[in-house]
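Asks: Sharing a model prediction with you, sequence too.
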Number of protein chains: 2
Amino acid sequence: MKLYDGGRAPNPRRVRVFLAEKGISIPLEPVDIGAMQHKSEAFTAVNPLQRLPALVLDDGTIFTESIAICRYFEALQPEPALFGRGAKEIALVEMWQRRVELNLMAAIQAVFRHLHPSMKELEKPQVPAWAEANKPRVDAFLALLDRELADRPFIAGETYSVADITGLVAVDFMKPAKLALPPECANVARWHADVSSRPSAKA
Amino acid sequence: MKLYDGGRAPNPRRVRVFLAEKGISIPLEPVDIGAMQHKSEAFTAVNPLQRLPALVLDDGTIFTESIAICRYFEALQPEPALFGRGAKEIALVEMWQRRVELNLMAAIQAVFRHLHPSMKELEKPQVPAWAEANKPRVDAFLALLDRELADRPFIAGETYSVADITGLVAVDFMKPAKLALPPECANVARWHADVSSRPSAKA
């Protein structure tokens, strides 16, 4: 088994943090996104969508999509449960994972991909108006999240979950996207400090 | 338990098709998106993100996000399994569900939301250049899917899954988005005819 890894990009980091929380160690094969290695013929054979990360099993099965890779390890090694336990918790974790991914992480990525000069060759065409349309969405979702985190320690409830991993990676990706956490989001800041202090955050 | 439903919009339909495949019937409460009922104060109290569908349990728990609602029912009633069985199948279904959702459905929705005159009040601002940027993505993903469906009956393998539901709903949503299935996508057309002939497709 080996994991094609993409360094500082948000999705590869989601899987590395997840594996660190599980205490699972697997061989990593670095793919240099800056050098466009993910667009190479060799990597396109692994993932025709040319995105990272990708997990290759010993039997040749290939999984792409960070959350699919995480679910594979959750099924292999259920503890600690990062996708919830029981119908209600499973649904709440999925809901928050998706809310954070689709409303926060995707909006931050849209700002980065469609404005940052380093993305000119990778995001064709860059649509700056789309980046600008996403900036207020980032702040609106952070305000919602701040209200939610007033009452509980983690994004999906009392327990750390994959929703916190997506949230951590998303908030940390605000820096390269040249976005800042609004100062009134004190609960998000407290949560972010908590999840950042876990050893897995360094993964 | 009741499901706030959004009529012809793609996400509410995903949940209705899923429930039909499971043989589960629950009370539906229609919310008229055309009349902006999902932006009302009453519905905002249910889902602050103002999106449909939303499931409310008898104890007051609210789930939003179609796939989270589907996972709740999968956990309550595992058969027929629509999210896969065993670690490998679970990961493959998740991978394909996400690939179809993020590369096909999201791209079709971007075309619809950012070009269609009826969305002027709902999608602010409309960014027509973003819609145009997504058109080639739709065709590129359909070409990839066509190659995949040459070798198997369903999107994630030998068995109908939630990935097929997302695919069906996405392809059917091409019509309001004024997009057409490229004639060379014969395998996608065959798969689409198959999944459309299931009774659940009418949900």
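Replies: Received it, and whenever you're ready, just let me know what you need.
Asks: Give the helix, strand or coil label for the residue of chain A most remote from its centre.
Replies: No residue in chain A sits farther from the centre than A:D59, which is 26.9 Å out by CA atoms, centre = their mean. Put simply, A:D59 is coil when judged by DSSP: H, G, I helix; E, B strand; the rest coil.
Asks: Okay, it and A:I67: tell me how far apart.
Replies: As judged by CB to CB, to the nearest Å, A:D59 and A:I67 stand 22 Å apart. Where you see a C-beta, it was placed from the backbone N, CA and C, and this is true even at glycine.
Asks: In terms of pLDDT, where does the residue farthest from the centre of chain A sit?
Replies: pLDDT, A:D59: 97.
Asks: Tell me who's in contact with it.
Replies: Under the criterion of CB atoms under 8 Å, 6 or more residues apart in numbering or on different chains, A:D59 has no contact partners.
Asks: Recalculate using a threshold of 10 Å.
Replies: By CB atoms under 10 Å, 6 or more residues apart in numbering or on different chains, the contact set of A:D59 is A:M1, B:K88.
Asks: how close does it get to B:K88?
Replies: Using CB to CB, A:D59 is found at 9 Å from B:K88.
Asks: Output the longest helix belonging to chain A in CSV with nothing but the alpha carbons.
Replies: As assigned by DSSP state H, the longest helix anywhere in chain A is helix A:128-148. This file holds the C-alpha atoms of helix A:128-148, laid out as CSV (Å, rounded to 0.1, in the frame of the first residue of the first chain):
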residue,chain,number,x,y,z
PRO,A,128,-11.4,36.5,-10.5
ALA,A,129,-15.1,37.4,-10.2
TRP,A,130,-15.8,33.9,-8.9
ALA,A,131,-13.1,34.4,-6.3
GLU,A,132,-14.7,37.7,-5.2
ALA,A,133,-18.1,36.0,-5.0
ASN,A,134,-16.7,33.5,-2.6
LYS,A,135,-15.1,35.9,-0.1
PRO,A,136,-18.4,36.8,1.6
ARG,A,137,-19.4,33.1,1.7
VAL,A,138,-16.3,32.4,3.7
ASP,A,139,-17.2,35.0,6.3
ALA,A,140,-20.9,34.0,6.4
PHE,A,141,-20.0,30.4,7.1
LEU,A,142,-17.4,31.3,9.7
ALA,A,143,-20.1,33.4,11.5
LEU,A,144,-22.5,30.4,11.4
LEU,A,145,-19.7,28.1,12.7
ASP,A,146,-18.9,30.6,15.5
ARG,A,147,-22.5,30.5,16.7
GLU,A,148,-22.4,26.6,16.7
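Asks: With that, I have no additional questions.
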